[in-house]
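Novice: Let's see this in three dimensions:
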Amino acid sequence: MTAIAITPRGPFSLAASMRFLEGFTPARYRRASDGRVLRLAFPADDGHSTVSAEVRQAQSSEGTVQADVTVHTGNPGKDGRGTASAASDGMCAVRAQLARILSLDVDGSGFPRLAEADPVVAELIAAYPGLRPVCFYSPYEAAAWAVIGHRIRMVQAAAIKARISERHGQRVTVAGESLHAFPTPLVLRGLSRVPGLPETKVERLRVLADAALAGDLDAARLRAMPAEDALAHLRTLPGIGPFSAELILIRGAGHPDVFPRHERRLHASVAEAYGLGHPDASDARRLAGIGDHWAPYRSWVALLLRTRREEKAGPVARGLSVR
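Specialist: Numbers count the residues shown, from 1 in each chain. This next block holds a predicted model:
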């Protein structure tokens with residue numbers, strides 16, 4: 001086990017992140033009784049190892065995030081555990097991935113200043129202090145979720161994803177709790193059948209696993225590209241359309257400054273928040289123009305709007321299809 005420390009730049013609340021995860025259907029996250037430890041298990045960006053992490057936030061002015069991390073290498077055995085290593089090799093990459101998952105790789109010190117010129121953003125920041133986007137563990141896992149969840153209810157997709165993790169992912173123990181990580185690309189590419197998924201989706205998952213191993217779903221690469229180029233690149237992958245491409249870039253690669261142009265429910269929230277009527281309420285270009293004032297944190301404001309919408313909608317609506 002290796003200790004990692006990340007000091008947030010700007011406001012950040014791990015407790016807010018945990019509350020968000022409890023309502024984030026793909027995560028199926030359940031807070032443990034201790035309440036202050038975030039338990040994570042996920043495929044590392046290297047494509048062949050699994051990371052387990054217990055994350056806490058110091059009760060200090062800096063709010064440093066501290067994580068005890070173990071990298072599990074090799075194929076899982078019958079008990080699902082594989083072998084564990086706390087070696088320093090690759091630990092910098094693991095730290096970067098953990099920071100990206102919690103949006104701690106972004107300097108958020110300028111985020112509160114958006115409130116000075118925008119009453120809507122001011123209200124959102126006040127309602128959700130310290131909440132930053134909590135991302136999928138990687139663009140690879142976000143892409144897999146997009147394929148699994150296409151045209152089915154989110155709760156159904158989450159159950160299928162959980163079964164894939166339980167049967168084919170690495171089982172680890174994190175702060176006394178047993179967790180199953182989603183399988184690495186090396187494992188996923190070898191699956192021939194997944195109960196609950198049609199053969200077409202299984203084939204798409206295998207191709208996505210190959211794409212991840214080839215570097216086509218590398219988070220740093222995607223974020224270094226102009227957003228439109230990154231989205232066009234993602235749309236070349238099987239089963240990935242405009243909506244899914246935005247999901248992968250924003251919630252998988254953790255891009256902080258993209259306005260989702262293909263998320264109708266978010267558009268409805270923007271229109272309601274800014275008092276827009278027909279036809280502006282359905283004009284994606286007009287809505288994106290409003291989002292331009294949120295730069296360089298367009299993804300972050302969209303996340304707060306989405307969070308407020310889902311809280312109002314309740315758990316039933318959150319289980320509906322993302323389409």
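Novice: May I have the residues that are in contact with Asp292?
Specialist: Listed by CB atoms under 8 Å, 6 or more residues apart in numbering, the contact partners of Asp292 are 259, 298. From N, CA and C alone the C-beta is placed, and that goes for glycine too.
Novice: Now do the same for it: its pLDDT.
Specialist: Predicted confidence (pLDDT) at Asp292: the value is 97.
Novice: swap in Thr73?
Specialist: On the pLDDT scale, Thr73 gets 83.
Novice: List the contacts of the closest residue to it other than its chain neighbours.
Specialist: Nearest residue to Thr73, sequence neighbours excluded (CB to CB, 6 or more residues apart in numbering): Ser49, at 4.7 Å. Residues counted as contacts of Ser49 (CB under 8 Å, 6+ apart) are 43, 71-73, 90, 184.
Novice: can you list these in JSON lines and add secondary structure, neighbour count and distance to Ser299?
Specialist: Formatted as JSON lines, the entries for those read as follows, by DSSP: H, G, I helix; E, B strand; the rest coil; neighbours: other CB atoms under 10 Å; distance: CB to CB, whole Å:
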{"residue": "Pro43", "secondary structure": "strand", "neighbour count": "28", "distance to Ser299": "23"}
{"residue": "Val71", "secondary structure": "strand", "neighbour count": "24", "distance to Ser299": "28"}
{"residue": "His72", "secondary structure": "strand", "neighbour count": "21", "distance to Ser299": "30"}
{"residue": "Thr73", "secondary structure": "strand", "neighbour count": "17", "distance to Ser299": "33"}
{"residue": "Gly90", "secondary structure": "coil", "neighbour count": "17", "distance to Ser299": "27"}
{"residue": "Thr184", "secondary structure": "coil", "neighbour count": "25", "distance to Ser299": "26"}
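Novice: want to try CSV for those residues, with distance to Gly291 as columns?
Specialist: As requested, the contacts of Ser49 are exported to CSV (distance: CB to CB, whole Å):
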residue, distance to Gly291
Pro43, 31
Val71, 38
His72, 40
Thr73, 42
Gly90, 36
Thr184, 35
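Novice: which among those residues gets closest to Leu303?
Specialist: Leu303 lies nearest to Pro43 out of the contacts of Ser49, by CB to CB, at 23.1 Å.
Novice: Tell me what the closest one is bridged to.
Specialist: Applying DSSP bridges to Pro43 yields these beta-bridge partners: Thr50.
Novice: ok, now which ones touch it?
Specialist: Shown here is Pro43, whose contacts under the criterion CB under 8 Å, 6+ apart are 49-51, 137-138, 140-141, 169, 181-185.
Novice: what's the answer for Gly90, then?
Specialist: So, once contact is read as CB under 8 Å, 6+ apart, Gly90 ends up touching 44, 46, 49, 71.
Novice: mind giving me a markdown table with the residues you listed and columns for distance to Ala271?
Specialist: Supplementary listing: the contacts of Gly90 in a markdown table, determined by distance: CB to CB, whole Å:
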| residue | distance to Ala271 |
| --- | --- |
| Ala44 | 40 |
| Asp46 | 42 |
| Ser49 | 44 |
| Val71 | 45 |
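Novice: which stretches of the stretch 201-323 of the chain have low pLDDT?
Specialist: Within the stretch 201-323 of the chain, the segments meeting pLDDT under 70 span 315-323.
Novice: ok, 80 please
Specialist: For the stretch 201-323 of the chain, the stretches with pLDDT under 80 are 314-323.
Novice: which residues in it form helices?
Specialist: Listed in chain order, the helices found in the stretch 201-323 of the chain under DSSP state H, counting those that start in this stretch are 219-224, 227-234, 242-247, 264-273, 284-291, 298-313, 315-318.
Novice: which of the ones you listed is buried the deepest?
Specialist: Of the helices of the stretch 201-323 of the chain, the one with the most neighbours on average (mean count of other CB atoms under 10 Å) is helix 242-247, at a mean of 22.
Novice: Give me the contacts around that one.
Specialist: Applying CB under 8 Å, 6+ apart, the external contacts of helix 242-247 come out as 142-143, 145-147, 150, 231, 234-235, 258, 260-263, 322-323.
Novice: hang on, the earlier thing: just the closest of the contacts of Gly90 to Gly289, please.
Specialist: Top of the list for closeness to Gly289, among the contacts of Gly90 and by CB to CB, is Ala44 at 39.0 Å.
Novice: neighbours of the closest one, just the number please.
Specialist: Under the neighbour criterion other CB atoms under 10 Å, Ala44 is assigned a count of 20.
Novice: Which residue is the nearest non-sequential neighbour of it?
Specialist: Spatial nearest neighbour of Ala44, excluding adjacent residues (CB to CB, 6+ apart): Val51 at 5.0 Å.
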